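Undergrad: the sequence and its predicted three-dimensional model are supplied below.
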Amino acid sequence: MRWNFSLACVAALLGLASEASADVFRDPDTGFTFSQYNAQITTGTTAITFRVAIPSPAPSGQPFDVVLQVVAPVSAGWVGVAWGGSMTNNPLLIGWANGASAVTSVRRATSHVAPTAYTGATLQLLKKGSKVNGTHWQFTAKCTGCTQFTTTGTTTKSLNPSGSNRLAFAYAKTKPSQPASDSSPINVHDLFAYWDHDFSSAGNAEFQDLVDRNL
């Protein structure tokens with residue numbers, strides 16, 4: 001997953017690098033309240049939706065679990081979120097459609113090459129929030145280890161549960177070569193962009209109960 005700087009220029013021209021705050025979305029299927037951001041991936045109306053839910057309260061300066069929901073058009077082969085706002089030295093939560101559901105994987109890269117499996121975080125796919133239809137696919141997954149992590153050396157980054165966090169995403173048009181496997185190789189992304197996501201509106205007082213109900 002190389003960081004392609006020519007694509008960065010395209011992203012800026014298309015308005016894909018955004019400072020916009022997230023909207024609030026209450027998901028009738030899972031029961032989570034998400035903070036939501038819609039990222040345009042073309043100059044038209046095609047977009048990928050990124051939704052974040054966290055426990056309420058969540059400790060500042062400490063790790064906390066996070067639920068990510070991604071809604072992507074079927075033209076997207078895979079979509080990934082970088083929790084530190086970079087393609088390197090932070091957890092990358094990647095997902096793609098597989099049949100009627102989805103597969104998720106958490107990876108990390110230390111240079112601009114394809115990321116490998118990351119053992120510092122674990123995922124739970126929430127099956128009731130993961131689906132595929134004729135136009136879109138969606139995954140919902142809980143990550144433990146995505147909100148506090150080592151970047152380089154002994155430097156630790158902690159996401160702010162009460163404010164804005166810089167996130168990044170990447171997507172590719174080509175599907176993984178082994179879509180049933182969470183360790184499948186993935187192609188280099190076709191586009192990446194970043195945004196500031198408001199976590200302050202993502203709180204869920206019954207967070208763990210909602211996770212359990214959606215397994």
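TA: Nice, I can see it.

Undergrad: where does pLDDT dip in the chain?
TA: 1-22 (pLDDT under 70).

Undergrad: ok, 90 please
TA: 1-22, 42-45, 112-113 (pLDDT under 90).

Undergrad: any idea which residue sits dead centre in it?
TA: residue 81 (3.3 Å; CA atoms, centre = their mean).

Undergrad: shouldn't it be in contact with residue 50?
TA: Yes - the criterion here is CB atoms under 8 Å, and residue 81 meets it with residue 50 at 6.5 Å. In this view, the C-beta of every residue, glycine as well, is placed from N, C-alpha and C.

Undergrad: which residues do those two both contact?
TA: Residues touching both residue 81 and residue 50 (CB atoms under 8 Å, 6 or more residues apart in numbering): 68, 70, 167, 169.

Undergrad: okay, and the last one sits in which element?
TA: Element membership of residue 169, judged by DSSP states H and E, is strand 164-172.

Undergrad: what's the angle from the next helix or strand after that strand to strand 164-172?
TA: Sequence-wise, the next helix or strand beyond strand 164-172 is strand 191-198, with elements assigned using DSSP H and E. In terms of direction (axes from the mean of the first three to the mean of the last three CA atoms, to 10 degrees), strand 191-198 departs from strand 164-172 by 160 degrees.

Undergrad: what separates strand 191-198 from the chain centre, distance-wise?
TA: Computed by CA atoms, centre = their mean, to the nearest Å, the chain-centroid distance of strand 191-198 equals 10 Å.

Undergrad: in it, which residues are buried?
TA: Using 16 or more other CB atoms under 10 Å as the test for burial, strand 191-198 gives 191-198.

Undergrad: likewise stretch 28-39?
TA: 30-39.

Undergrad: and which of the residues you listed is nearest residue 147?
TA: Of all these, residue 147 sits closest to residue 35, with 13.8 Å by CB to CB.

Undergrad: roughly how far does that closest one sit from residue 80?
TA: As judged by CB to CB, to the nearest Å, residue 35 and residue 80 stand 19 Å apart.

Undergrad: do residue 137 as well
TA: Residue 137 is 14 Å from residue 80, by CB to CB.

Undergrad: helices of the protein, start to end?
TA: 5-13, 207-213 (DSSP state H).

Undergrad: farthest pair in the buried residues of stretch 28-39?
TA: 31 and 39 (24.3 Å).

Undergrad: my guess is residue 173 meets residue 78, correct?
TA: No - using CB under 8 Å, residue 173 is not in contact with residue 78; the gap is 9.1 Å.

Undergrad: which one of the two is surrounded by more residues?
TA: residue 78 (23 against 13; other CB atoms under 10 Å).

Undergrad: and residue 137 and residue 80? which has more neighbours close in?
TA: Taking other CB under 10 Å, residue 137 and residue 80 do not tie; residue 80 has more neighbours (26 against 22).

Undergrad: nearest residue to the more buried one in space, please, no chain neighbours.
TA: Once flanking residues are discounted, residue 80 sits nearest to residue 94: 3.9 Å by CB to CB, 6 or more residues apart in numbering.
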